[in-house]
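Student: sequence unknown, structure follows:
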């Protein structure tokens, strides 16, 4: 679909966790949600929070062609996202979408590892679906603080081989993601989204093993359109907008 | 009840008119709503309107001892009141109450006329109930643009003799309230609340007939507590706060 | 147990939370909602030599996250204050500070002399920054000369703590602050309101009877924090920070920017109990951050 | 049919709606959402003599009804603009205005000379008010001398319409405006951002890499309207109003205060289609109020 401003209806608001809601949205005017790419995000207008002025960027978790649904996994970070999480079913939310670049995928890479932490798992679902549709069955490594912080596991199991690591060992392997045994095997490509320390650790692992690696950044942004120049990331090409040149970057282009 | 800040639950939100909702509220902590006086108002916190910063003063329409309910008749004036009108049943609204002075009532006055226009009818209901409880059956004159703009008629019929005038003649007598035939009779006292031109016309009528007259003013206010000094009315005693020295004034104290 | 006591000149405050002049009446208006004794102090409304009726209605208009006001120093004058209000204040343990406004330097002096002679008010806040009356002192507050003049005269007339309240409607507030400091001010408080204006486009009329008014509320907070930060670096006397403080987090923003104490203003209109919540939040924050003395937080930002 | 055309110097705008520099990229970023040709004009992002990387991240923080930014004039420089951007602008009918920033007077001059020599850009907006770079010109914008210097030099270097963009961080903006007018500016635009600051109290760090930044958004509107009203009375050249315009009503507030045209800034971030909605609202408002020519509304408030 062409970049646009569009009203979406909340089909379902699933509270997955005290801090997370899964919003299932569909365009009010029925526009087909085609051509939305893994890694892209939306800018959501927050109408009912006194303390929120700007839109909030939320990465696209999933697109269901059959029901023309767009899924947003929303994590309570502040008043804006808190208010978005409370949006009742049937209400309208206004989105600007689709925004940003995409993860680069190819069926040449057979041994692909998707690594997601926290709300960073969101884009990995759509990416995994895409890979699977291309005949590549990805491995997915999800890191979380604890067992209860793991989200959308069933959806991930459907698209690939699921690996889990938790800080407290309550599920999967004990420790941070980069300590997981899955890294003993050889990989053609890492795709990663999560907290900055985690992405940096994965980037280090990629360099050490000579694995190609793309990460999705979450810099704070105002417009999401490349106009405000607020969300810049320092790259080998200088400061670039995460909202337009990103959010997906190959670690070779980054300065960390 | 003592002046306080208190959470109320919306028991019922009745949309009486495209521009009016009747909110029936009850204190969450069950505090008895006793001693609330006709003419007093509340300051309502508006939590879900981006364009509203201050509370909104709303006059008390009714108090039901049996169910411990406080009624607010809310008119859509701007974003703040619009958002208040949309408050779903079961939600919590925070009030500061009871605020302001009261209408002066005495069973000495037997021929009493209550005059309300627009949202100005609100305080007249509680006032009429009070008078009735004192053995005085008031006459009530309600003015509106048209038949469909008349509110709470049944409630008013219960407490006194109802008279109506509409600008377009679609109900009651044709014309503005002060043209109504009810003014042919002799009255001991007028109580009036409504748009400023109406109150001024009633005040003129009162002076011309030598009738005692109290009006309830609606000056814009910030705090409602006598601290900000924004809602002042010029009186014979100088500028005074409508929120504390009012909202009820005897026309003899006003400069109009 | 966290120490919340701070000092402004010789004035000891049990905690850094004060109320802003003109937003808290004489304090008594709020005693239904809070225990006034829990505040560090409260600054009573702007007092002038003669009684003032203030400006005509309308005096207020809501703006995005703020409000414009044009009250114009309505008050009953210093004599009325001394005779009728001052006696009632003795009922409270919190420190009362009298905000003083004037049209001429002598007005400030006379009011301060009367307070010094007839009360034991320990501190005055000198308002050289009211944007709403022709001689509201903003003339004094926008030049170093004017600020020096008033401060010097008041310093001579009042033995207690002298706080000079500064206007943000200037190119460089640190110059004005330094002028006040050099003439013996014990502290500066900032910011007073930003001069603003709103128009009713349907009526094609200004929303205020005075056309322009003073902007306050959360909207101005970033400007206030910046000016407090600049001023705290420029002077060695305590800075009292105000401007859009709505909660405890906001109050800490000012303290970390360099404020020794803070004043809560417009927020009192929205939540009359907000001040005591702020006191509690500051103490809870100190515990959470392992800070034994709130004074350690003053200006304590690391880049 | 309502006439919406207004004139800024020799520059004719089909309607009073422009976009503020740094909030609308080069215009093309918004062509997915609106028909650029419907705007009176658009002011492309701040252009300097040399390419600039701008300030480090973080550059932005949300504030009550506004935001602070510290972009610091990131741009690829005037040569890049002329070679790569300028050609693409010819695709649009709306008037492009180039916002010019510099550290030294010569920088402004060189950029304007290049634009005059190598493009037929009809107007420049001279930014003497960027608060986010040491030599962002705010030094020029806060004194009459600085404003005169830059305006005089640019006036000599650029034959087209010269708009001088003023800083609100001054005691008396009308003095700066008069200085620009006396040196031949065709118009002044105001306000640029108010200098502000925000602190992350949990991290005890400033929210911006530069500590202070520029406040924009609805929060500053009352200050902007006031300054536009003051300035429009003080100068005889057109005033272009900006500062927190979120919708058509806000735009009319500025026009009624005395603005001949308006710039929409931060609102573009929240609703990329807001500018055309504002054009429609102004025309609808004129019809509703029986105004045949929008020029009749400029400064048309009655007390």
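Tutor: In hand now; what should we look at? Quick caveat, the model's predicted, so the values are computed rather than measured.
Student: which ones are touching whatever residue of the stretch 101-250 of chain C ends up closest to chain B?
Tutor: For the stretch 101-250 of chain C, the residue closest to chain B is residue C:217, as judged by C-beta to the nearest C-beta, at 6.1 Å. Every residue, glycine included, has its C-beta placed from N, CA and C. Applying C-beta atoms under 8 Å, 6 or more residues apart in numbering or on different chains to residue C:217 gives the contacts B:53, C:63, C:65-67, C:244, C:266, D:64.
Student: in the stretch 51-200 of chain A, which spans are strands?
Tutor: Under the criterion DSSP state E, counting those that start in this stretch, the stretch 51-200 of chain A carries strands at the ranges A:56-64, A:69-75, A:92-99, A:112-117, A:139-144, A:161-166, A:173-174, A:189-193.
Student: Could you look up the SS state of the one residue in the stretch 101-250 of chain A that gets nearest to chain B?
Tutor: Per C-beta to the nearest C-beta, residue A:222 is where the stretch 101-250 of chain A lies closest to chain B, at 16.5 Å. Using DSSP: H, G, I helix; E, B strand; the rest coil, the structure places residue A:222 in coil.
Student: Read off the pLDDT value for residue C:136.
Tutor: pLDDT for residue C:136: 54.
Student: The longest strand seen in chain A: how far from the chain's middle?
Tutor: Longest strand of chain A, by residue count under DSSP state E: strand A:4-17. Taking C-alpha atoms, centre = their mean, to the nearest Å, one finds the center of strand A:4-17 at 16 Å from the center of the full chain.
Student: now, which of the contacts of residue C:217 sits nearest residue A:166?
Tutor: Distances from residue A:166 to the contacts of residue C:217, taken as C-beta to C-beta, are shortest for residue D:64 (38.4 Å).
Student: what about residue A:108, neighbour count?
Tutor: Applying other C-beta atoms under 10 Å in any protein chain shown, we find 8 other residues in the vicinity of residue A:108.
Student: ok, for the residue of the stretch 101-250 of chain A closest to chain B, nearest residue in space, not its chain neighbours?
Tutor: Using C-beta to C-beta, 6 or more residues apart in numbering or on different chains and skipping residues adjacent in sequence, the residue nearest residue A:222 is residue A:228, 4.2 Å away.
Student: Does that neighbour fall in a helix, a strand, or a coil region?
Tutor: coil.
Student: Surely it is in contact with residue D:69?
Tutor: Yes: the criterion here is C-beta atoms under 8 Å, and residue A:228 meets it with residue D:69 at 6.9 Å.
Student: Now do the shared contacts for those two.
Tutor: Shared contacts of residue A:228 and residue D:69 (C-beta under 8 Å, 6+ apart): A:222, D:60.
Student: what separates residue A:31 from chain D, distance-wise?
Tutor: Look at residue A:31 and chain D: by C-beta to the nearest C-beta, to the nearest Å, they are 14 Å apart.
Student: gap between that residue and residue B:77?
Tutor: To residue B:77, residue A:31 is 37 Å away according to C-beta to C-beta, to the nearest Å.
Student: Please name every helix or strand in contact with the lowest-mean-pLDDT helix or strand in chain C.
Tutor: Between all helices and strands in chain C, the lowest mean by mean pLDDT, DSSP states H and E belongs to helix C:138-141, at a mean of 80. Applying 3 or more C-beta pairs under 8 Å, 6 or more residues apart in numbering or on different chains; DSSP states H and E, one finds that helix C:138-141 contacts helix C:144-157.
Student: Can you get me the centre-to-centre distance for the helix it packs on and its chain?
Tutor: How far helix C:144-157 lies from its chain's middle: 18 Å, per C-alpha atoms, centre = their mean.
Student: Just list the residues touching residue A:212, thanks.
Tutor: Residue A:212 touches A:109, A:188-190, A:206, A:250, counting by C-beta under 8 Å, 6+ apart.
Student: which of the residues you listed count as buried?
Tutor: Buried subset of those (neighbour count, 16 or more other C-beta atoms under 10 Å in any protein chain shown): A:109, A:189-190, A:206.
Student: tell me, what residue is most central in chain A?
Tutor: The centroid of chain A falls nearest to residue A:123 when counting by C-alpha atoms, centre = their mean (2.7 Å).
Student: Distance of that residue relative to chain C?
Tutor: Applying C-beta to the nearest C-beta, the value for residue A:123 to chain C is 32 Å.
Student: Double-check that residue against residue A:42; I have them as touching.
Tutor: No: with contact defined as C-beta under 8 Å, residue A:123 does not reach residue A:42; the gap is 11.6 Å.
Student: Residues that sit against both of these two, list them.
Tutor: By C-beta under 8 Å, 6+ apart, residue A:123 and residue A:42 have these common neighbours: residue A:60.
Student: Can you check what pLDDT the model gives residue C:120?
Tutor: Reading off the confidence values, residue C:120 has pLDDT 95.
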